[in-house]
Structure formats: structure tokens, C-alpha cells
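>>> can't give you the sequence, but here's the structure:
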């Protein structure tokens with residue numbers, strides 16, 4: 001079996017050597033590999049117990065809104081709180097009139113609690129890069145690459161996406177990425193605590 005794999009790999013490499021200078025052919029090979037050979041997002045995704053399905057979607061929405069999420073892994077109860085309320089409660093109260101006490105938070109009383117923070121800007125940038133990388137070569141892909149490599153990448157990426165036919169593809173890609181990220185965080189916490 002191992003010898004057969006080596007022969008197959010040699011044949012593949014021979015083909016690649018033959019087309020190494022032909023950008024169009026290489027692009028076709030790359031597209032095929034990304035589309036048909038690499039592990040898809042669904043196959044790669046951590047499989048949590050089914051009881052977590054609904055709460056993972058809720059966490060995605062909360063993180064998108066900039067909220068910190070607290071999850072009780074035993075009861076699957078979730079609380080989400082504005083990050084500003086936790087990082088600077090006095091400033092939050094001055095701006096909103098709401099104090100930390102007025103929120104009646106329960107997560108501090110839970111025996112087990114998983115804290116999930118909103119994405120850092122470098123993680124958000126990484127998602128935009130991954131989305132752009134998997135696009136077929138096109139003028140739109142080049143515009144997104146340019147936006148990511150210049151000033152105000154987030155605003156420019158958003159402007160290009162919002163005016164494009166791939167807007168829904170972007171939101172679906174980001175949602176799947178976020179679900180996978182959250183599932184990994186929860187899975188890591190569950191495995192660490194057991």
C-alpha cells in the first residue's frame with residue numbers, strides 16, 4: 001500500500017513539474033485541491049454533544065455584537081454581557097445608567113463556567129484573509145486583497161463585500177468559522193475539566 005502511495009505521489013509531482021510555469025494550469029490544480037480534496041469546514045468542525053447546538057448559534061450572535069458570553073456546560077445556560085460592563089463598570093454606568101449589580105448576573109454562582117470573549121481584531125482579520133484566499137481568482141478577489149493590505153482594511157473590506165454578489169457567501173463563511181471556533185473553545189474546556 002505504501003509503495004502504491006509513493007508511485008501515485010511521483011505521478012502527481014511529475015504533472016506539477018510539467019505545468020510549473022503555467023499559471024492557469026496551476027490555478028486549476030489549486031482550485032481542484034481546495035474544492036475537492038482538502039477537508040471541508042464541516043468535516044473539520046469539532047462535534048460537540050447535540051445539546052450545545054442551539055447555544056453555539058446564540059454565542060455566535062452575541063460575540064458578533066461584541067458581548068462576552070458565559071456558558072454553564074452542565075445546564076447549557078448562557079449569559080451575555082457587554083464587554084465594557086466588565087472591563088470598566090464605572091464608565092459603563094456613567095454612559096448607560098446601568099450598574100453591574102443591576103444586571104443580576106448568575107454566572108458567578110455556577111459551579112462550572114466557560115467564558116468566551118469577542119474576537120480580537122487579528123482573528124477577525126484572519127477570517128477575512130481566509131475568505132479572500134478561498135475565492136476564485138477574479139477582480140473582486142484582487143479588490144479584497146488590496147483592501148486588506150492598505151489602510152482601514154475592515155471598513156474597506158466591508159464596503160466591497162456589501163456591494164458585491166458574494167455578501168451572503170461572506171456571512172456564511174464567517175458564521176461557519178465562528179461556530180467552529182466556539183465549538184473548539186467549548187470542547188477544549190470540557191476536555192480540560194474532565
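That came in fine, so what should we check first? Computed from a predicted structure; not experimentally measured.

>>> Moving C-terminal from the helix or strand bottoming out on mean pLDDT in the chain, which element do we reach first?
Across the helices and strands of the chain, the lowest-confidence element by mean pLDDT, DSSP states H and E is helix 41-44, at a mean of 48. Downstream of helix 41-44, the first helix or strand assigned by DSSP states H and E is helix 53-64.

>>> who touches the helix or strand following that following helix?
Per DSSP H and E, the first helix or strand lying C-terminal to helix 53-64 is strand 67-71. By C-beta atoms under 8 Å, 6 or more residues apart in numbering, the residues outside strand 67-71 that reach it are 55, 59, 62-63, 77-83, 86, 105, 107, 110, 113-118, 186. Where you see a C-beta, it was placed from the backbone N, CA and C, and this is true even at glycine.

>>> among those, which ones are buried?
55, 59, 62-63, 78-81, 107, 110, 113-114, 116, 118, 186 (16 or more other C-beta atoms under 10 Å).

>>> Pick out whichever of those sits closest to residue 47.
Nearest to residue 47 out of the buried ones among the contacts of strand 67-71 is residue 186 (C-beta to C-beta; 11.2 Å).

>>> List the buried residues in the strand or helix carrying the closest one.
Assigned by DSSP H and E, residue 186 belongs to helix 167-193. Buried residues in helix 167-193, counted by 16+ other C-beta under 10 Å: 170, 173-174, 176-183, 185-186, 189.

>>> so can I have JSON lines of the residues you listed showing distance to residue 150?
Listed next are the buried residues of helix 167-193 as JSON lines, based on distance: C-beta to C-beta, whole Å:
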{"residue": "170", "distance to residue 150": "19"}
{"residue": "173", "distance to residue 150": "22"}
{"residue": "174", "distance to residue 150": "21"}
{"residue": "176", "distance to residue 150": "27"}
{"residue": "177", "distance to residue 150": "23"}
{"residue": "178", "distance to residue 150": "25"}
{"residue": "179", "distance to residue 150": "30"}
{"residue": "180", "distance to residue 150": "29"}
{"residue": "181", "distance to residue 150": "26"}
{"residue": "182", "distance to residue 150": "30"}
{"residue": "183", "distance to residue 150": "33"}
{"residue": "185", "distance to residue 150": "32"}
{"residue": "186", "distance to residue 150": "36"}
{"residue": "189", "distance to residue 150": "38"}
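
>>> Is it possible to get TSV of those residues that adds pLDDT?
Below are the buried residues of helix 167-193 laid out as TSV (pLDDT from 0 to 100):
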residue	pLDDT
170	94
173	92
174	93
176	89
177	92
178	93
179	91
180	90
181	91
182	92
183	92
185	91
186	92
189	88
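
>>> Of those residues, just say which sits nearest to residue 101.
Closest approach to residue 101 among these (C-beta to C-beta): residue 189, at 27.5 Å.

>>> who touches that closest one in this structure?
Applying C-beta under 8 Å, 6+ apart, we find residue 189 in contact with 73, 114.
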